[in-house]
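Student: output the structure for:
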Amino acid sequence: MKKHALFAVALVLCLSWPVFPQQKVREKDLGARFQEWLNLTSYIILPQEKEVFLKLESDRDREAFITSFWRQRDPTPGTPQNEYQDEIIRRFNHANKEFIRDTSRPGWMTDMGQFYIILGPPSSIERFDGQRDIHPCQIWNYYGDTAKGLPAHFGLVFFRKDGVGEYRLYNPLADGPVSLLMNTFGLSVDNSIQVFEKLREVAPSLAPLALSPVPGDIRFDYQPSMQAEMIFADILNSPKKAINPSYATHFLNFTGKVSTEYLTNYVESEASVAVLPDPLLGIDFLHFSVTPKNVSVDYFEPKDQYYCNYSVDVSLRRGEKIFYQYSKEFPFYFDPDKESLVAVNGISVQDSFPVIAGTYELTILLKNSVGKEFSVVEKKIINDENAETPRISEAVLGYHLEDSADHVHTAFRVLKKRLSVDSKNTYAPGERVAFLLSAVNIPEGIWRNGEVRVAVGGLKAETPSRKSFSLKLSAQPHHAAMSLADSFPTADLSPDYYVIEFSLVDDREKVLDVKTANFIIAPGLAVARPVIISKSFPLANAYLYFYTLAGQHDKSGEKEKAELLYQKSNDMAPDFKEGIVYHANFLIRSGNYDKALKLAENIAGVERLGFDYHLIKGRALTRLGRYEQAKGELLEANKIYNSDTRLLNALGLCFFRTGDKAKAMDALKASLSLNPGQPDIKSLIEEIQK
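Tutor: Now for the predicted structure:
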């Protein structure tokens, strides 16, 4: 097998920051290895990373986090060696060996040790030891990394204050040039010009750096530069500049949910998420696109193909309660001649699913089994529950709008139009900006004469490009929710950042709602587009969407809405017998036992559902207090499958209520062996044992 790490364009991930419920471990309570690692990384670790590390609960997780920490900083991730990690260890060891003179602290804790670990060895060192007029000091000269906000060239001065102790960093503002002079006889120490001239006389190269770390940054009055503090702060912050701490928070949040081999390979991603109503089905769909920053692929020799193997785990929650979740596989195979396309453009995994109204949190966990990589998208969803106010949805931008088959549903498709989405929202001159949005709760009067006005404006200060046009609502068939899809050319727009504003206007010119979106027109000739991976769903099975919504209402405690949708789903597909099982179990949870018994008769004689038939009847009869009759049904179910806690709990209760305590105990203990976390069953056992 050959393995290839392919890298798409750099992306940005914007995620909500979670609250950490875990208790922090004190550093002194960590094992020696982990205390040593915190010392090693003390000048390069982000506060968020350290916060997460101290909240990990096992050494195994800490080891995995350390692996992930260094991978985030690996300059050559496609190779087995991590040059940055090796260099930090080398600098740390050098500091502990070389900077221990006249100090009781380890070398890495000294000022020299700190800046050596952050910046590495200076390009040159000038020493002033044993000179009569100035205290012992050194100048470390550096060429700075301007990409990290450092000056192109600067010098750091370390001196032994008052001529004793360890070398400390000289600060022009806090220490002042006079602190470098050993002999100030005949000088007015408050006269900055005299002090500077004296320094320049005895140490010409030291004098400018006594005012500022940047040579040439000298004020007319020879006072220390106000920029010095900022330069020192930039130096201390420089090793943390390019690190996105989101990997650390996700490491903590997904410990126990994602295997350790994945946790060490967090990949940043870019995402688009939108809720769009479907006018024909009359339900809302949440559409999403996730594009990882880099993609690992493997080679399958028997078919001469490359592949990656993505899976998504999606969940919706209110507070800590998850009310919907699903998993789906997205394997992707491609021929060798497409390898460069995937390498340059990347891959976007896209999907959609029906959602109820309300406010909740979305989490999308994307995993690639090749490379054991994972990405996370977290977003607050506000799906407006107001059923009367005319409004427009958030707009989704894309780069291509095409006709789509009307017998399937797929991501970012509404009615017969499908939008190709690239979350970067970046376009080359000459491309078209496509968009998809919905107008919702539109009365007939507004539909006949209302419109959505589109205004596009650049953000540059001088002569920004602008354009505008309108979409007539009456161009679409009238529905409570109407889909609006269109595009416009970028040929007459100059490269710039743009805001596109969508305004819903009624027949009286009143603006009812406004939504905005952003895009960029890049000066280049082309923009790389990710390869889209998605799956289609046949609309002949649309009744399954209504079962999904019924389940979401059920888990959210909205029993009346759930009942209506379960019934609607049953009516849409009476031959879908599994739907009867869903509905009947809901009725039992809702306390409607008689209706559950009646509904169960619709699956009588269906061999594959024999267990469910007897279990539903047995549980409903148990709740009705008809224990002897319930036992018969439950025992029949137990012949088919004997490891269901619902069955065992109901059977145990029936045996207890009919006087057979021994069999009751056997059933309930069997249930606890399958799931020990059942406090109500433990209480029932205690009651039986009295």
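Student: where do the helices sit along the stretch 101-250 of the chain?
Tutor: 111-119, 192-202, 206-209, 228-237, 246-254 (DSSP state H, counting those that start in this stretch).
Student: will you turn those helices into JSON lines that also has mean neighbour count?
Tutor: Glycine gets a C-beta too; all of them are placed from N, C-alpha and C. JSON lines is the format used below for the helices of the stretch 101-250 of the chain (neighbours: other C-beta atoms under 10 Å):
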{"stretch": "helix 111-119", "mean neighbour count": "21"}
{"stretch": "helix 192-202", "mean neighbour count": "17"}
{"stretch": "helix 206-209", "mean neighbour count": "22"}
{"stretch": "helix 228-237", "mean neighbour count": "16"}
{"stretch": "helix 246-254", "mean neighbour count": "22"}
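Student: of those helices, which is nearest Leu156?
Tutor: Relative to Leu156, the nearest member of the helices of the stretch 101-250 of the chain by C-beta to C-beta is helix 111-119, separated by 6.0 Å.
Student: to Asp313, which of the helices of the stretch 101-250 of the chain lies closest?
Tutor: helix 246-254 (10.0 Å).
Student: contacts for the very next helix or strand once past the closest one, please.
Tutor: For helix 246-254, the following helix or strand on the C-terminal side (DSSP states H and E) is helix 260-263. Helix 260-263 is contacted from outside by Arg60, Asp61, Ala64, Phe65, Ser68, Phe251, Phe254, Thr255, Lys367, Lys372, Glu373, Phe374, using C-beta atoms under 8 Å, 6 or more residues apart in numbering.
Student: can I get those residues in a markdown table with pLDDT?
Tutor: Putting the contacts of helix 260-263 into a markdown table (pLDDT from 0 to 100) gives the following:
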| residue | pLDDT |
| --- | --- |
| Arg60 | 90 |
| Asp61 | 91 |
| Ala64 | 91 |
| Phe65 | 93 |
| Ser68 | 91 |
| Phe251 | 88 |
| Phe254 | 86 |
| Thr255 | 83 |
| Lys367 | 95 |
| Lys372 | 90 |
| Glu373 | 92 |
| Phe374 | 93 |
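Student: can you list those residues in CSV and add secondary structure and distance to Asp506?
Tutor: Converted to CSV, the contacts of helix 260-263 look like this (DSSP: H, G, I helix; E, B strand; the rest coil; distance: C-beta to C-beta, whole Å):
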residue, secondary structure, distance to Asp506
Arg60, helix, 61
Asp61, helix, 57
Ala64, helix, 57
Phe65, helix, 56
Ser68, helix, 54
Phe251, helix, 50
Phe254, helix, 47
Thr255, strand, 52
Lys367, strand, 47
Lys372, coil, 54
Glu373, strand, 49
Phe374, strand, 47
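Student: of all the helices of the stretch 101-250 of the chain, which one is nearest Leu169?
Tutor: helix 111-119 (4.2 Å).
Student: quick one: the strands in the stretch 251-400 of the chain, in order.
Tutor: In the stretch 251-400 of the chain, the strands defined using DSSP state E, counting those that start in this stretch lie at 269-278, 283-292, 294-300, 305-318, 321-334, 347-355, 358-368, 373-383, 391-392, 396-398, 400-403.
Student: what pairs with the third one, parallel or antiparallel?
Tutor: Strands flanking strand 294-300 in the sheet, each with its direction: strand 3-7 (antiparallel), strand 305-318 (antiparallel) (DSSP bridges).
Student: just to revisit the earlier point, now distance to Glu444 too, for the helices of the stretch 101-250 of the chain, in TSV please.
Tutor: Output for the helices of the stretch 101-250 of the chain, formatted as TSV (distance: least, C-beta to C-beta, whole Å):
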stretch	distance to Glu444
helix 111-119	68
helix 192-202	81
helix 206-209	78
helix 228-237	60
helix 246-254	47
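Student: quick check on the contacts of helix 260-263: which are buried?
Tutor: Asp61, Ala64, Phe65, Ser68, Phe251, Phe254, Thr255, Lys367, Lys372, Glu373, Phe374 (16 or more other C-beta atoms under 10 Å).
Student: no further queries at this time; thank you.
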